[in-house]
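In: Attaching a predicted model along with its sequence, questions to come.
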Amino acid sequence: MDIIKAKIEAYLGTHPYLRLATVTDNCTPQVHTVGYVSEGATVYFVTDSKSRKAENIYHNPAVSYAVDENYEDVMEIQGVQMEGTASLVTIETEGIRILDLMARKFPGIENIPPNPNLVCFKIEPAIGYFLDNTLEFGHRDRVEY
């Protein structure tokens, strides 16, 4: 496996939140913070079917996201930037498995009141970047999926 893809997958597997970029039907960009689970470089998240991010994805499934953390020293920054396509995941296909992964990653999620409007999205990557200022300021490696 490509070393950059392995770095991306490891990084995604150890972080709980991403910032998802979507576009409205009038081409206004929006950013949303979401909890997610990952399998390899594919990420999954749950949201209300009537949320802004869901409405945007229904209109345009092209998305991008970033995963990183708060660093005090700019030279320590590492992170992942991804471009991909979002699609609905149904209970019949992958939903139960993803909900199980979510419950393991986010203890207490089972205490969230039931919501019949919840939907699960999958983001399949097209292009990924691994940022690593520990190597050099502004260093980023690009991979295609």
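Out: Perfect, thanks for sending it.

In: Need the contact partners of the lowest-mean-pLDDT helix or strand in the chain.
Out: Within the chain, no helix or strand scores below helix 96-105, which has a mean of 86 by mean pLDDT, DSSP states H and E. Helix 96-105 is contacted from outside by 16, 35, 37, 39, 44, 46, 89, 109-110, 120, 122, using Cβ atoms under 8 Å, 6 or more residues apart in numbering. Yep, even glycine has a C-beta here, placed from its N, CA and C like the rest.

In: repeat for stretch 24-42
Out: Stretch 24-42 has contacts (Cβ under 8 Å, 6+ apart) with 5, 8-9, 12-13, 16-23, 43-45, 47, 51-53, 55-56, 59-60, 82, 98, 101-102, 105-106, 122-125, 128, 145.

In: Between all of the contacts of helix 96-105, which two are separated the most?
Out: Using Cβ to Cβ, the contacts of helix 96-105 span at most 21.7 Å, a distance reached by Glu110 and Lys122.

In: Give the residue from these two that has the larger number of neighbours.
Out: Lys122 (18 against 9; other Cβ atoms under 10 Å).

In: Kindly tell me how buried Glu92 is, as a neighbour count.
Out: Glu92 sits with 7 neighbouring residues when counted by other Cβ under 10 Å.

In: and it, which of the three is it?
Out: Following DSSP: H, G, I helix; E, B strand; the rest coil, Glu92 is assigned to helix.

In: circling back to that earlier point, mind listing what's buried in the least confident helix or strand of the chain?
Out: By 16 or more other Cβ atoms under 10 Å, the buried positions in helix 96-105 come out as 98-99, 101-102.

In: Stretch 17-36 too?
Out: Residues of stretch 17-36 classed as buried: 18, 20-23, 32, 34, 36 (neighbour count, 16+ other Cβ under 10 Å).

In: Of those, just say which sits nearest to Gln78.
Out: Distance to Gln78 across these (Cβ to Cβ) is lowest for Leu18, with 14.4 Å.

In: The helix or strand where the closest one lies packs against which elements?
Out: Per DSSP states H and E, Leu18 falls inside strand 17-23. Counting contacts by 3 or more Cβ pairs under 8 Å, 6 or more residues apart in numbering; DSSP states H and E, strand 17-23 packs against strand 29-35, strand 42-48, helix 52-59, strand 62-67.
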